[in-house]
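**Q** this is a predicted model, with the sequence first.
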Amino acid sequence: MPAYTAKKITDSIQLDGDVTKPIWQNASWSDRFVDMATGGPGLYDTKAAMLWNDTHLYVAFQAEEPFVEAHLTERDSIIFLENDLELFIDGGDCYYELEINARNTLYEVFFIWKDAYQRGSRFDVPLFDVHHSQAMTFGGDSDRSGTSFWYGTHPAAYAGPS
């Protein structure tokens, strides 16, 4: 994975999607994204830039996509079945995931690997109680549409509340 360093800024950025602003033009943009399976250049040109200040992390994408399609509008719908942009933040035994589609529908989740969730661990707090009736665990349905997708028994991951 190529190295990328996000630049620190002192100002705040108005969130309006305008990456032509000077602050984004002065940011370091990533190289073209690669295909996850082959490691070769992606079919279309997609890049990202990140900036941060003492309170926020800002991420911008420039995505080339001639066939944009998005139908899902309910927050936390499984929008990765459509065109979307995805951000993953690694937390060691966990990660945060944020996605957005062309209709500005958000999908947000926090995953904790099940082997890291143990009594007495840093995740053993009421917010992440996997025994709570509303806890969602990644079911791993291959078609990502079944009723056990979120309330499943996949051994690898637990999804905490978004």
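**A** Perfect, I can see it now.

**Q** contacts, neighbours, all on C-alpha from now
**A** OK.

**Q** count of residues packed around the closest residue to N101 other than its chain neighbours?
**A** Of all residues not flanking N101 in the chain, D84 sits nearest, at 4.3 Å (Cα to Cα, 6 or more residues apart in numbering). D84 has 20 neighbouring residues, counting by other Cα atoms under 10 Å.

**Q** now D84: phi and psi?
**A** phi -160, psi 170 (degrees, to the nearest 10).

**Q** what segments of this structure are helices?
**A** Using DSSP state H, the helices found in the chain span residues 22-25.

**Q** quick one: the strands in it, in order.
**A** 7-8, 46-52, 57-63, 84-90, 94-101, 106-113, 136-137, 157-160 (DSSP state E).

**Q** out of those strands, which comes closest to E74?
**A** Checking the strands of the chain against E74 by Cα to Cα gives strand 106-113 as the closest, at 8.0 Å.

**Q** these two touch, right, I100 and L85?
**A** Yes. Contact criterion Cα atoms under 8 Å: I100 and L85 qualify, at 5.6 Å.

**Q** settle it for me: which of these two has more neighbours?
**A** The neighbour count for I100 versus L85, taken as other Cα under 10 Å, is higher for I100 (20 against 17).

**Q** which ones are touching that one?
**A** Neighbouring residues of I100 by Cα atoms under 8 Å, 6 or more residues apart in numbering: 79, 84-86, 106-107.

**Q** who's it bridged to?
**A** L85, L106 (DSSP bridges).

**Q** what's the burial count for T105?
**A** For T105, the count of nearby residues is 20 (other Cα under 10 Å).

**Q** how close does it sit to A48?
**A** Noted for T105: a distance of 19 Å to A48, by Cα to Cα, to the nearest Å.

**Q** so which of the strands of the chain is nearest K21?
**A** strand 57-63 (11.4 Å).

**Q** so what's A159 scoring on pLDDT?
**A** In this prediction, A159 carries a pLDDT score of 52.

**Q** now D129
**A** 73.

**Q** hmm, back to that, out of the strands of the chain, which gets nearest to D18?
**A** strand 57-63 (8.9 Å).
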